[in-house]
Structures are given as C-alpha cells and as structure tokens.
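Asks: Got a predicted structure here, sequence first:
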Amino acid sequence: LVEKHMGVDSEAYRELPEEKQKELMLNACKSEGIEPENALFAIDEAHDVSARRGVAPSKRSLALKHFGHHSGHYIEATGDPQKSDASEFYSFLHAVAPDKFNDQEKFIAEYGANTEASKRAFQRAIAPYAFAFATKPTDQKGRTLKRIDQEHYIQPSEKLAQERQRILDDIQTMSSWQSNRWEELKQQHGDGYEPTTEDFNTAYDDPDVKAAVDRLAAAGWHGMDEDAQRNAIGGQVRAIGGVKRTAMFRLVHQAPYEDNPKAQWVVEHCLEQHKQGKPGIVFSASSKSAEMLKEEMEKRGLKVAYIHGGLDSQGKDEQRQFFQEKPEGEAADVLIATDAARTGVNLTRGKYVTHYDVPLTGMGFEQRSARAYRLKQKDNVDVHVPMIDMPEEKLAIARMHRKSKTADVVKDRTENIDETGLARKIRNARNQTA
C-alpha cells in the first residue's frame, strides 16, 4: 500500500526514520479507504514479527507494527514471546505502548537482569498491557490433565565415546592453529587489526588442520572442489563453536542404528509404549535421523506415519490422518515428524511425545509437545527427552531451560502483581458478567 499510494518501495521504506514510516503507513491506509483508528488489529503468532537487537526487522514486521501503531485496538498474541533475549520483549512492548517503551537500551538495562527483583519490576511495568492465560486440556469431569516431562540419560557406547574424543581433538587442532594465526596477524598489522575470514584461509596449507576440517565439516564442504575449499576453510576455522555443535549433533543423532544408543532407546521405548496400547509422536530435527527411526520401527513391526518438509499439504494431511483418524487397528502406532509438523497439527491421539533431539528454544519444545497436549486430549501426556550422558547434551538441555525461564516473566499471571493491570480488568469484567 505504501508503494502503491506513496511511491516508496519496501527497501526505501526500511531506511526511513520510524516516525516517517508510521506517517507513510497512515497516509497509505487512508488513500486505500482504510481508517486504521477504527480497526481492531490482531496479530497471531506474533513472535514471528518480533525484532531482536542487532538484527534488522523484516519488511513484514515493520508493516504490521506500523499499521498496528495507528489502530484503535491492537493485539499481539503469541505462545512464547522470547526466543533469544530481552530485546524481543522490547519489540512487543514498543509496538503496543510506544509512548512508555521507547528506549531499547534503557529497557534492557532496567529489566534484562536475571534477578527476582528485575522480574517483578518488569511485571509491574507491563501489567497494563499484557494478559497471560493458558488453556489446558481437561478430562470428562473437568479436571486438568497433566503433562509429565521426563529426561532420560543414556550411557554412550564405547565407539561413541571414542568418536566424541576424536571430535574434541580435531577442534583443539583447529583452535590452536587459529590462535597462532591470530598472533601472526597482530604482529604483521598491529593489535588493532580486525582480521577477515580470508586471513584464515591459509589453514588449507596445514595438513593437520585440513584433515580436521575434512572430518568435521558438514556435507556441503565435501561437495566443493579444491579451489572452493581453499577459499572457504577460513570460515570453518573461525566458526569453531558451530563446527563442534554440528559434528556432535551428527555423532549423537545420525550415526548408523547399530552404533546409535539414542536411536536404539527411542525404538525400544516406542515398542514398549505400543505394548501398553499407547500411540505416540517422535520429533526429529533431522530428516536423515527420522528416516532411520522409521525404518527400524517398521522392521520391528510398528506401523509408522511420517510427516516431513518434502511432502505437500495433501501428503502431510494423509500422514496425519493415518495416525489421528484411522480406526484403531488400522491407524499408525507412531508418528515420526520433522519440525514441519511442529505447529498447526492436531495429534491428540498421541499419549506421549518424544524429542529425539533437544530443540534450540523453549518455544520449539512447547510447540512440539503441544501437538498432543492440547484441547481434545483425553488423557495425561508424557513428554520424553532422551539424552546421551555427555556434556554436550547436558549443555543443550540447560540452554533450552535457560531460554524458557527468561520468558516465564510474561507468562506468569499479572493480576496479583498490579491492581491496574489489564489482566485484573479482564478478570473483573468476567466476574461481573458471570
């Protein structure tokens, strides 16, 4: 609309000052015959349009928030407002209350600390604008059903432990070389020099580093010719943390079944649940891992539905129906899914959810788990997180819990914190209606 009526394309719009962007949006709406001040504007799944400090907001995010700024009533609804840090909270609040929340750095300084005092201060600040409410499934007598989260630690096999040590040795080789190269660059250019990725491409000429990268790098590396690898190896050496995480993920989740204690645990667990008459859902971020699990379960006699990103909408729905809607005896015993089925799918026939890998965020964990633990569920739901007993897996679950906890500040009911809060007003209005 801004481009149509005001002659400003989306890229130029992004570069303008915020007040000018809002002015253009208002004038464009009026030219289209839209009176935003008379509108109730609601964004569902609003976490998809939140912005984070240091990351440029998307064009969609800018347009929606600026339209919302002029709307008479504006709602942002989300199951989880934070994926990374407190700056995402600010993005929400600046959109709904720009007069109060208009300084991001000040906001983070006041409310970004992970302390109880900071949490309470934040809750009081947002109470007039925020309402937290969760709908949970109930049984026939109206009692809230439970979601029971369980973590399971699995002993690594001897081969897995040996492979893990090899990865750590390769990472140490790369790290030592990177440190030495950094010192060389400082001696050549001075302490203030900012090295480029290209400065580290000389790693290609060190046979130990080259061999380590060959063993650790993802599949794309091995599809490059020699010249391409020579120009890309600096990126591998500088991104040691990411290289390590990726290599450990492959080791734990994508090793062949006979050498994969986690995959073996998941298959045996699903077989045991099947004996108890419980259908369930297994999520895997990796399609390679999902296909391995599917193949092994089918070998053991389980009927398996499989939803993945390679299916079109009809194919996904057919697999969903195979698990969710077929008569007992014909329906799938297990539905294996990549994160293509993480949202928007009702799988309440499932009585357990197993996370083959730990999601990167609490939002991912909740979205997966909510495929079964949702309205229309008739039983308690068990949520299982199997992990190899090794530091990298423990760090992954700790990171997810830490991110989840920071979002709890806006999930807590605020009516007991501030008498003037929106939640209090809604509750009082409901009581009066009743």
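Replies: Everything's here; your move.
Asks: so what does the helix ranked longest in the chain touch, helix or strand wise?
Replies: As far as residue count goes, and with DSSP state H defining each element, the longest helix of the chain is helix 158-189. When contacts are defined as 3 or more C-beta pairs under 8 Å, 6 or more residues apart in numbering; DSSP states H and E, helix 158-189 sits against helix 207-216, helix 226-238, helix 240-253. For glycine as for every other residue, the C-beta is placed from the backbone atoms N, C-alpha and C.
Asks: Report the rounded mean pLDDT for that helix.
Replies: Per-residue pLDDT values across helix 158-189 average out to 95.
Asks: what's the spacing between it and its chain's center?
Replies: Counting by C-alpha atoms, centre = their mean, to the nearest Å, helix 158-189 is centred 29 Å from the centre of its parent chain.
Asks: Among the helices and strands packed on helix 158-189, which comes closest to R427?
Replies: R427 sits nearest to helix 240-253 of all the helices and strands packed on helix 158-189, at 44.3 Å, using C-beta to C-beta.
Asks: list the helices and strands the closest one packs on?
Replies: When contacts are defined as 3+ C-beta pairs under 8 Å, 6+ apart, helix 240-253 packs onto helix 158-189, helix 207-216, helix 261-275, helix 391-407.
Asks: Which of those helices sits closest to V8?
Replies: For the helices and strands packed on helix 240-253, the distance to V8 is smallest for helix 391-407, at 35.6 Å, taking C-beta to C-beta.
Asks: and the angle for that closest one with helix 261-275?
Replies: With axes from the mean of the first three to the mean of the last three C-alpha atoms, to 10 degrees as the basis, helix 391-407 and helix 261-275 are set at 70 degrees to each other.
Asks: What are the contacting residues of helix 391-407?
Replies: With contact meaning C-beta atoms under 8 Å, 6 or more residues apart in numbering, helix 391-407 is reached by 80-86, 114, 151, 164, 245, 248, 252, 358-363, 365-366, 385, 387.
Asks: Show me just the buried residues among the residues you listed.
Replies: With neighbours counted by 16 or more other C-beta atoms under 10 Å, those contain buried members at 80-83, 86, 164, 248, 252, 358-359, 361-363, 365-366, 385, 387.
Asks: so the closest residue in space to D389 that isn't next to it in sequence bridges to which residues?
Replies: Once its chain neighbours are removed from consideration, D389 has its nearest residue in Y153; the separation is 4.4 Å (C-beta to C-beta, 6 or more residues apart in numbering). When bridges are taken as DSSP bridges, the partners of Y153 come out as M387.
Asks: 706 is where my numbering starts, stick with that
Replies: Got it, first residue is 706 now, which makes that one Y858.
Asks: Provide a list of residues in contact with V948.
Replies: For V948, the residues meeting the contact criterion (C-beta under 8 Å, 6+ apart) are 876, 879, 918, 921-922, 941.
Asks: among the helices and strands packed on helix 945-958, which is nearest Q934?
Replies: helix 912-921 (8.2 Å).
Asks: Against which helices or strands is the closest one packed?
Replies: Short answer (3+ C-beta pairs under 8 Å, 6+ apart): helix 912-921 packs on helix 863-894, helix 924-927, helix 931-943, helix 945-958.
Asks: Was I right to think R719 contacts K764?
Replies: Yes: R719 lies in contact with K764 (C-beta atoms under 8 Å); the separation is 6.3 Å.
Asks: picking that back up, between the helices and strands packed on helix 863-894, which gets nearest to E742?
Replies: For these, distance to E742 was read as C-beta to C-beta. The smallest value, 46.9 Å, belongs to helix 945-958.
Asks: mind listing the strands for the stretch 706-855 of the chain?
Replies: Along the stretch 706-855 of the chain, the stretches classed as strands by DSSP state E, counting those that start in this stretch are 745-748, 778-781, 852-859.
Asks: Tabulate those strands (TSV), appending mean pLDDT.
Replies: TSV is the format used below for the strands of the stretch 706-855 of the chain (pLDDT from 0 to 100):
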stretch	mean pLDDT
strand 745-748	89
strand 778-781	87
strand 852-859	97
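Asks: hmm, back to that, Throw the helices and strands packed on helix 945-958 into JSON lines and include distance to L769, thanks.
Replies: Shown next, in JSON lines, are those (distance: least, C-beta to C-beta, whole Å):
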{"stretch": "helix 863-894", "distance to L769": "42"}
{"stretch": "helix 912-921", "distance to L769": "41"}
{"stretch": "helix 966-980", "distance to L769": "40"}
{"stretch": "helix 1096-1112", "distance to L769": "21"}
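Asks: Nearest to K805, out of these?
Replies: If you check each of the helices and strands packed on helix 945-958 against K805 by C-beta to C-beta, helix 1096-1112 wins as the nearest, at 20.7 Å.
Asks: got the CA positions of that closest one in CSV?
Replies: Taking Å, rounded to 0.1, in the frame of the first residue of the first chain, the C-alpha atoms of helix 1096-1112 are listed here in CSV:
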residue,chain,number,x,y,z
PRO,A,1096,28.5,-32.8,28.4
GLU,A,1097,27.2,-31.5,25.0
GLU,A,1098,23.8,-33.0,25.5
LYS,A,1099,23.5,-31.6,29.1
LEU,A,1100,24.5,-28.2,27.8
ALA,A,1101,21.8,-28.3,25.1
ILE,A,1102,19.0,-29.0,27.6
ALA,A,1103,20.4,-26.5,30.1
ARG,A,1104,20.4,-23.8,27.3
MET,A,1105,16.9,-24.6,26.4
HIS,A,1106,15.7,-24.4,30.0
ARG,A,1107,17.5,-21.1,30.5
LYS,A,1108,15.9,-19.6,27.5
SER,A,1109,12.5,-20.9,28.6
LYS,A,1110,12.9,-19.4,32.1
THR,A,1111,13.5,-15.9,30.8
ALA,A,1112,10.2,-16.0,29.0
